[in-house]
Structures are given as C-alpha cells and as structure tokens.
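Visitor: coordinates only, sequence not included:
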C-alpha cells in the first residue's frame, strides 16, 4: 500500500514539474479566468437592452402618447422612431434597424371609452429570445395601463398599478432584479474547470506519447492505476485553485459571493473535476496526435456548454435533448452550483448531483482501464 | 503564376486532406453535431414547467383558480402545504416558480371591496427561465382570475390588449436563429483549426519548406492551400444546408446561391486567419491553443448566442472587429428574413475589407522563407 502511495506521489511530482514548465498552459490558466470573469460579469447578457423600436401612432391623442411613454419608461428601449406606415416598418424590421413596432389604431381613444382598447405589436421573430421578452414587456405595460387618468393604487412592492380582477404581485427570489450576471457567474467555475480539465489530461497525455516520454513512464514499475492517479492529483489541485479564483474573483469584482455553503461547493467539485479529468484521459486513449485530442475534446466541451444549461435554461429544451444533457458532468455541476451559490443551499440539497457525478467518474474510470489495458499489458 | 504548377499543388493538397480518415470524419461530424446541438437548445416556449402552489385559502374559488391554471398545460402545479416546503422546493430547484394564495383570498373576493391578492414567486437564480416564464404566468393568473371576478367589482385601470405578431418567424421558434448562427461558428472555428494544424504539421514534417524551395510562388502556394480547402468547406456548407433543411426543417428564406457564395468567400477569410495562426505557431499544440483563444470572442461576442445590443457600447464597437460578427449578420439576414444585396451590402463590404487584409497578410507570411 505504501508502495502504491509512493508511486502515485512520484508520478504526481513529475506531473507538477511538467505543468510548471509549460508556458502556454500557464498562460491559458491565467488568461481564461480573467476573460470569463470579464465577459460574463460585465459584457454578456440575454436581457434585451437598447431595443430599437418604432411607433405608428394613428390615434395621435394624449392617451396614445402616454402609452408610448409608459413603454419607454421600462428602460429597455431606445427612444422610439417615428415611421410612416406598415411598409416602412416592415422594411426596417427586415434590416434589423428595429426589433418592435407598436401600432396604435386611429380608433384607440374611442375604443378606450368603450372599454376595449387594442394596439398591435409587430416583432422581429428572427431573434426569438429577444422578441419574446420584448413582447412580454410591452404586454405587461399595456395590461397595467390606466386608461382613465385616475392613478391606480400602486402596491409598494409589486410592479406599478396592475389592472385586472386579481392583484398579482410577483417577486424574484435569489436574484431580485433578475440580473443575468448572477446567472452566469454562478457557473463560470464549471465552464473553466471543464475547459482546463480536458486540456490538462487529454492533450498532455497525447503530447507525451508524441514526444516519447509516455513510453518512458510506461517502462517504470508503476501500474496503470498509479499513473492515472498520479496524473490526476496535481490536476485536481489546479482545479481547486481555479475554483477559488472564480469564486473570489466574482466576489471582489462584482460583489457576488456564494450564498450557501463553501464546504458543500468544494465537496461537489471533487467528483466533477475527477469526472472531467477522466474524460480527458479517455480522449487521450483514442487520439493519436494532440490535434486529434483537441478535436475530440471540442466534441465534448461544445455540447457540454450548450446542453448543460450554463447559458440557456435546459428546462425549456425539448425532451430528448434535455435528457441528453444529463450525460455531461457539467449539467450536474451547474445544477449544484446554482443551488449552492445562488440559492444558498447546503450539502443536503446537492446529494443527487454529487452522486451522479460520482457515478459518471466510476464509469469513466472503468472505460479508461478497459482502453488502457492492452497497451500496458 | 503557372496553371500547371498550381494544379500540381491543388492535387497534392486535395489528396493530403482526403487521405486522412480522421480529418474527413471531423469535416463531416463537427458540422452535423454542431447543427443538432445548437439547433434545439434555444427555446422561448414555456411548457410543462413545475409550479409550486401554496393554497392557504383552500376555498372553491382558489381551487378553481388553480385548476384553470393547470388546464393550460404551461405549468404543472405541485401542491405544497407550508411556506418552508415552498422554500425547499425553490432552493432545491424542484420548481421554478410558485403561486401563493393567501388565506383571505376568498373573503377579499366576496367582499368585493378590493381586488383579491395572490403572490407569484420566481426562482431568479435561473434568470433566463424566470424572464421567459414571467409573462406567461402573469397572463395566465390574470385570465384565470378574470373568470372569478364579480361583475361590477372595482378595477384599478382597464388595461390595453396587445395583439402581437412576430414577422419572419411567427411561432418564435428558436431553431432558425440558431441554425443560421451555427454556420458562422462552424466555418470560423473548424476552418481556422484545420488549416492551422495542417500547416504547422507540414512545417514540423519539413514538407512546407520543400514547398517553399520549389519554383512555386507564394501566391501559388497560398492558392494551393486555400482553393482545395475552400472547396471542401463549401461542400460542408451545402451539406449543412441540406441537413438543417431535412432534419430540422429550416431552409433559407432568401437566395441559396447568394448564401453559398458569401459562405465560400467567408471560408477563404477564415482560411487566411488559419494561415496567419500557423505562421506564428511553433507546434500544433500552440496553434490549437491560439485557435481556441480566438474562438472565445467568436462564440460570446459575435452575436451568435448573446445579443450584441445588450452589451456595453465599447464592446458593441469591438464586436465589429470580428469578421464572424458580420458573417453571422449576413447568414441570419438571408436565412431568416430573405434579405438580399440591397440591405446586406454594408456587412458584405466589411467582409470584403477583412478578406483583403487577412489574405494580404497571409500572402506575406507564405513568401517569407525561414
């Protein structure tokens, strides 16, 4: 047993030295978190902003102008453009100079007096996410629009003066202003770790085989398991370092600290990192050149990011695709991270994702052993 | 430039590419996987979302409200009995939204003095989901509530009905948007990567130097690389158009010919970028790492997934510095809105400029002999 430990530590030591000599890798380690923190914290958002829109006001009354002002005051829109008619509106929508066109009919005032005021909203459906959101904003403003001038009784904590038979008050927990930044920051550790883990094991193992140093390691009196564990050890250390950078970076730059237990987060991270690293090892058993290793890794990273729900909600994906995303460790890790970081969960609430990640690691380990055996025999 | 020399180079490059089964697999598989992966992920439709319901009133009126809500199929109500259970369900992610009906719901309704109140709670941690669900749920609750209202009950205002119409994509289907963008992603990432790696490997193997000492001029060497690769990737474009159409049901609304033409030109820009990366890389690994570094803005800043308009203004300017931004704008224009040359010319002009600069630079690196 002690011999086993010695061998593992020896391989780990060697691996750590190699890592410290790889300038390109160290650069990636340094640059990636900075880029991710910058982009996801300050640049990227799914929320519509600066929406270009236009109004065709055929009513030209104080009432219609007030409606336009109300829409404008949501803060999502640029000042409205005046367009002459449908044809021009359509042309501008097609060119993406506009995202939405509000059409107030000539009978708007009369309709309002009769109690059935209607307006039409044309949206650019070619950008469905933005169109759906913008449509939602306008519909909400319109539904709350007080046709008679009497000020609606605005509830202090809800959105201003809603109409209708029921007084609906809504609240967003965990993220009251529904900031996309929090949504992304909670998962950048997962994205970073996926990226780095795969390049750590996948490309480096193949690189060694290309250079001939792999043969050398194989000729040592170490078993496959010892080599794998020895290689994983420093990688795990790097991963935890990155996790800390991501957490502390989001905290210091954006004041976004985990709401839940740090300990629980560290606990879930272990099976996740091991699972991702073992995917890299598996990739290395298939690839013959480091270029091939990168291609294969991309095959894994790309769907990981897309299907796991880090940037777009997996809950809205069609069945089949949604379940497919469950085959990637990042899905379970992002579920756990959101629970802990955003919603303040403790370890009790992330047991299922942790177990799934553990299971994934076990399966990968079995596959790696099966793939490596013939070469080591 | 001699045609015979060029032809030799073309044949050489074509054979070298087609000989390697791994490259062929990548060339076919990556576009297909990307199409299928990206095609399905963007959905704005809220369907079957679990909704926690805490009905503290538990009266016929509140039960009817909830039954009305369930009947729509947009949300699947799950009863919880305590506030603590509701919190647990939200924290644990079992539900994404919750409806709370207070104990005095029915009394307030019967009294008719003020409007009965309900509370909607969303899981803000899933910001996108909450943003999409918000409109739906509110509208549903209000519609369900309207059937409960006593005639003549006071109303705070009247509200205006909005008749929405989405042009170009009436159902707000996410597939066309993502499919059109995927062309930009695949053509940028894959072309840069494959060229960079292939040339670096030639350098390492010494075959590139052999090329440089042949009588072939740098223009011929460049064309010998770019033309066969360009042809192969243009075939890839056609393959993607067909697969997107047959499997995902997304066909270009505008001119297919214009689309393939612009794509072929964009491929040559990407290939030039790949040549530049290869020129500055010592090993294949380095080339790959640089490509990945270039691809970060490609996905995040090109408008492929995240809207450019929502970025801070300096970044909006920065996005125009990537050829991919313009290409994606063009593909979306042709694919989704049937745009033609009359409206797309500014983007096409920008692409033309990028092409001249990048191809010029690539040409210079070709001529340089170590």
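Guide: Perfect, thanks for sending it. Predicted, not measured: the structure shown is a model, and the values here were computed from it.

Visitor: The closest residue in space to residue B:2 that isn't next to it in sequence and residue A:192, how far apart?
Guide: Nearest non-adjacent residue to residue B:2, counting by Cβ to Cβ, 6 or more residues apart in numbering or on different chains: residue B:220, 7.3 Å away. Using the backbone N, CA and C atoms, a C-beta is placed for each residue, glycine as well. Distance from residue B:220 to residue A:192, counting by Cβ to Cβ, to the nearest Å: 44 Å.

Visitor: where exactly do the helices run in the stretch 51-200 of chain A?
Guide: Under the criterion DSSP state H, counting those that start in this stretch, the stretch 51-200 of chain A carries helices at the ranges A:62-72, A:86-94, A:108-114, A:128-143, A:180-198.

Visitor: any bit of the third one sitting next to chain B?
Guide: If I follow you right, that is helix A:108-114. Yes - interface with chain B: helix A:108-114 contributes residue A:112 (Cβ under 8 Å from any Cβ of the partner chain).

Visitor: name the helices or strands packed onto that helix?
Guide: With contacts taken as 3 or more Cβ pairs under 8 Å, 6 or more residues apart in numbering or on different chains; DSSP states H and E, helix A:108-114 sits against helix A:62-72, strand A:118-124.

Visitor: Pretty sure the residue nearest to residue B:2 sits against residue B:10.
Guide: No - checked against Cβ atoms under 8 Å, the pair residue B:220 and residue B:10 is beyond contact range at 9.6 Å.

Visitor: who has more neighbours, those two?
Guide: Neighbour tally, residue B:220 and residue B:10, criterion other Cβ atoms under 10 Å in any protein chain shown: the higher count belongs to residue B:220, 22 against 18.

Visitor: Could you tell me whether that one really is in a helix?
Guide: Yes - per DSSP: H, G, I helix; E, B strand; the rest coil, residue B:220 lies within a helix segment.

Visitor: which ones are touching it?
Guide: Residue B:220 makes contact with B:1, B:2, B:5, B:6, B:9, according to Cβ atoms under 8 Å, 6 or more residues apart in numbering or on different chains.

Visitor: how far away is the first one from chain A?
Guide: The reference is to residue B:1. 31 Å (Cβ to the nearest Cβ, to the nearest Å).

Visitor: Same question for the third one.
Guide: Between residue B:5 and chain A the computed distance is 29 Å (Cβ to the nearest Cβ).

Visitor: show me the contacts for that residue.
Guide: By Cβ under 8 Å, 6+ apart, residue B:5 lies in contact with B:214, B:215, B:216, B:220.

Visitor: Would you mind checking the residues you listed for buried ones?
Guide: Among the contacts of residue B:5, those classed as buried by 16 or more other Cβ atoms under 10 Å in any protein chain shown are B:216, B:220.

Visitor: Which of the contacts of residue B:5 fall in helices?
Guide: residue B:220 (DSSP state H).

Visitor: Show me which of the contacts of residue B:5 is closest to residue B:187.
Guide: The closest of the contacts of residue B:5 to residue B:187 turns out to be residue B:220 (Cβ to Cβ; 24.6 Å).

Visitor: What about the residue nearest to residue A:344 when sequence neighbours are not counted, how many residues nearby?
Guide: In this structure, residue A:344 finds its nearest non-sequential neighbour in residue A:259, 3.6 Å apart by Cβ to Cβ, 6+ apart. Using other Cβ under 10 Å, residue A:259 is surrounded by 17 other residues.

Visitor: my guess is residue A:259 contacts residue A:338, does it?
Guide: No - if you go by Cβ under 8 Å, residue A:259 and residue A:338 don't touch, sitting 10.4 Å apart.

Visitor: where does chain B have low pLDDT?
Guide: Scanning chain B for pLDDT under 70 picks out B:111-114, B:147-159, B:296, B:367-370.

Visitor: the domain parsing of it - what is it?
Guide: Residue ranges for the domains of chain B, per automatic domain parsing: B:3-42+B:174-367, B:49-146.

Visitor: For residue A:175, which of those domains is the nearest?
Guide: Across those, the minimum distance to residue A:175, taken as Cβ to Cβ, is reached by domain B:49-146, at 3.1 Å.

Visitor: near chain A at all, the closest one?
Guide: Yes - for domain B:49-146 and chain A, the contact criterion (Cβ under 8 Å from any Cβ) is met by B:49, B:65, B:90-93, B:96, B:114-132, B:134-135, B:138-139, B:141-142, B:145-146.

Visitor: The residue nearest to residue A:312 when sequence neighbours are not counted and residue B:29, how far apart?
Guide: Distances taken as Cβ to Cβ, 6+ apart place residue B:41 nearest to residue A:312, at 5.5 Å, with adjacent residues excluded. Plainly put, residue B:41 is 18 Å away from residue B:29 if you go by Cβ to Cβ.

Visitor: And residue B:251, by the same measure?
Guide: 22 Å.

Visitor: quick one, strands of the chain?
Guide: No chain was given, so I picked chain A. A:53-57, A:81-82, A:100-104, A:118-124, A:167-173 (DSSP state E).

Visitor: Hmm, no, I was thinking of chain B.
Guide: Secondary structure of chain B (DSSP E): strands at B:49-55, B:75-80, B:97-101, B:117-123, B:161-167.

Visitor: In a markdown table: the ones you listed, plus distance to residue A:11 and mean neighbour count.
Guide: Listed next are the strands of chain B as a markdown table, based on distance: least, Cβ to Cβ, whole Å; neighbours: other Cβ atoms under 10 Å in any protein chain shown:
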| stretch | distance to residue A:11 | mean neighbour count |
| --- | --- | --- |
| strand B:49-55 | 47 | 21 |
| strand B:75-80 | 50 | 17 |
| strand B:97-101 | 50 | 25 |
| strand B:117-123 | 44 | 22 |
| strand B:161-167 | 59 | 16 |
